[in-house]
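Asker: predicted model and sequence follow; I will ask about them next.
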Amino acid sequence: MELIGYIFIFLLSCVAFYFSGEIIVKSFNRIAKFLGWKEFVVSFLLMAFIGSLPNLFVGISSALHAIPELSFGEIIGGNLINVTLAIALASLFSKNGIPAKSRTINTSLIFTSIAAILPILLIWDNVLSRIDGIILVSFFFFYIFWLFSKKDRFTKVCEDEQPIQKSFLRSFKSVIKVVFCLVVFALASDMIVRSASFFAESFDLPIITIGLFIVALGNCAPETFFAISTAKKGMGWMILGAIMGSVVSQSTLVIGIVSILHPIIITNLSPFLIARTFLFIAIFFFFVFTRTGHHITKKESVFLLFIYIFFIIFELLFN
């Protein structure tokens, strides 16, 4: 009965993610228009700060329980999911793939690629120290400073068929809806992580596998559902902002805070070898596909999807 209960909670949480994502897409689009900000920045902030809260909670909890390597594995697995599975599903649900024409997106792509591999480089000596954590957090705030440094990144002429009236009251109601949905996100994320952890313990899976697969997949649900929702509504310009925001914040801010609270010491990095290799491959092709033609096509998204599938196969066969 306990297993059935956790399965029900897991599925219910996924449904909550989906419908909350639908509401957030509409509400944030209205808020972006009222503020006159670029949707890329709004979607980045959404996933950078709010979408990463589950990861931060898991990270702090793992640090307090003296097992910060769980958080490290979860971040590596999560980044891999974001640039492969999430991007692929969003592109497949979109009409013409994912656009990436703006200069902000292209420059952010460089920051995102560096942020994704920076923790892997810093832990090459088997330790992610407090100094390393400060470096990661500093990188995050440097990027935020760059993102907000120029006014033109917050001005964009909306091209919707039905322009939304810039009403303060309507915008305030949208903020309330977003806050409510974010609470649902937080609760659903917690339930997904708890359910996933229960499944892992029931089937006697190691902690690294829990981080790389189950916890990572559970915590990446907000970004994935958000990307799919925006793609279905034809708001492709928000997808990359959400994904990049998630990758940057998780790789720098979240894992930086965790390592400051408790240095991450991994005596044996071999279980992460496959994950690190596939993350490098995924980041490389994500960078190339985004820069070539400033557009991620459906064929390219299928290729990214196969990278994640092969990652799972290699992990199951060789670990």
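Answerer: Cool, the structure landed.

Asker: verify the stated contact: Ile265 with Arg130.
Answerer: No. At 11.8 Å, Ile265 does not count as touching Arg130 under the criterion of CB atoms under 8 Å. Bear in mind the C-beta positions are built from the backbone N, C-alpha and C, glycine included.

Asker: can you name the next helix or strand after the least confident helix or strand in the chain by mean pLDDT?
Answerer: The weakest-scoring helix or strand in the chain, judged by mean pLDDT, DSSP states H and E, is helix 39-45 (a mean of 62). Of the helices and strands lying after helix 39-45 in sequence (DSSP states H and E), the nearest is helix 53-64.

Asker: just the strands in the protein please.
Answerer: For the chain, strands defined by DSSP state E occupy the ranges 98-99, 127-128, 264-265, 295-296.

Asker: outside of the first one, which residues touch it?
Answerer: Contacts of strand 98-99 with the rest of the structure, by CB atoms under 8 Å, 6 or more residues apart in numbering, involve 87, 90-91, 231, 236-237, 239-240, 294-296, 301.

Asker: turn those into TSV, columns for neighbour count and distance to Ser202.
Answerer: As requested, the contacts of strand 98-99 are exported to TSV (neighbours: other CB atoms under 10 Å; distance: CB to CB, whole Å):
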residue	neighbour count	distance to Ser202
Ile87	29	31
Ala90	29	32
Ser91	27	34
Ala231	23	34
Gly236	22	39
Trp237	20	42
Ile239	28	35
Leu240	28	37
His294	12	46
His295	17	43
Ile296	26	37
Ser301	23	34
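
Asker: make CSV out of the residues you listed and add distance to Gly78 and pLDDT.
Answerer: Shown next, in CSV, are the contacts of strand 98-99 (distance: CB to CB, whole Å; pLDDT from 0 to 100):
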residue, distance to Gly78, pLDDT
Ile87, 13, 92
Ala90, 16, 90
Ser91, 19, 89
Ala231, 19, 83
Gly236, 22, 68
Trp237, 23, 66
Ile239, 16, 80
Leu240, 17, 82
His294, 26, 75
His295, 25, 81
Ile296, 19, 89
Ser301, 18, 91
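
Asker: turn those into CSV, columns for distance to Ala282.
Answerer: Below are these laid out as CSV (distance: CB to CB, whole Å):
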residue, distance to Ala282
Ile87, 9
Ala90, 15
Ser91, 14
Ala231, 19
Gly236, 20
Trp237, 22
Ile239, 16
Leu240, 15
His294, 19
His295, 18
Ile296, 13
Ser301, 12
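
Asker: great, nothing more from me.
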